[in-house]
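Asker: One predicted model, sequence on top.
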Amino acid sequence: MRQTPIYYYSSTSGLVRAFVDRLGRPAFNLAEREHRLAEVDGPWVLLTPSYKTGNPDNDTIPEAVRRFLASAVNRRRLVGVMGSGNRNFGSYYQHAARLVAARSGRPVLFEFELAGTPWDVEEARVLMATLDEQLATSRSR
């Protein structure tokens, strides 16, 4: 069965990358140009951090994510969004994931803080395995 890949953005802090690495599935960092310019070949999930800290002039969605979503193919094949955030951001906690989900009409699948806890990793693994099964079933119909 095909594992749904995760396309993510991780800054130099590496918190999002650390989370993704623990999921044990295909994942591509949009901080890397080759991935940011690619077009996906099937359903995929976005994992984006939120960085906005209350300055209304700052954009919460990382530029690399914006560029990747500029592709109509990538937008069409997006099936869901996960978010990483910092509760210190207040009302902007998870804002990027929620904004992308609202604009794309796709669901927010999962949210976690910083690099996530072991519980978060296990929950995300289960969620992604369930998604893989659902997508495989829908393709076989």
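Answerer: Sure, I can see it.
Asker: Could I get the pLDDT score of Asn58?
Answerer: On pLDDT, Asn58 comes in at 62.
Asker: what do you get for Gly54?
Answerer: 56.
Asker: same question, Leu127
Answerer: In this model, Leu127 carries a pLDDT of 97.
Asker: May I have the residues that are in contact with it?
Answerer: 109-110 (C-beta atoms under 8 Å, 6 or more residues apart in numbering). From N, CA and C alone the C-beta is placed, and that goes for glycine too.
Asker: doesn't it fall inside a strand?
Answerer: No - Leu127 is assigned helix when assessed by DSSP: H, G, I helix; E, B strand; the rest coil, not a strand.
Asker: now it: how far from Gln134?
Answerer: Going from Leu127 to Gln134 by C-beta to C-beta, to the nearest Å gives 11 Å.
Asker: Backbone dihedrals for Asp41, please?
Answerer: phi -110, psi 10 (degrees, to the nearest 10).
Asker: where in the chain is pLDDT low?
Answerer: 52-59, 140-141 (pLDDT under 70).
Asker: Kindly recompute the last result at 90.
Answerer: Within the chain, the set of residues satisfying pLDDT under 90 comprises 1, 10-15, 50-63, 85-95, 114-115, 138-141.
Asker: tally of neighbours for Ser11?
Answerer: 13 (other C-beta atoms under 10 Å).
Asker: secondary structure class for it?
Answerer: coil.
Asker: need the next SSE after the helix or strand containing Val81, C-terminal direction.
Answerer: Following DSSP states H and E, one finds Val81 within strand 78-85. Note on strand 78-85: by DSSP H and E, the next helix or strand toward the C-terminus is helix 95-104.
Asker: Give me the contacts around the next helix or strand along the chain from that next one.
Answerer: Next in sequence after helix 95-104, counting helices and strands by DSSP H and E, comes strand 108-113. Strand 108-113 has contacts (C-beta under 8 Å, 6+ apart) with 19, 45, 80-87, 94, 97-98, 101, 120, 123-124, 127, 131.
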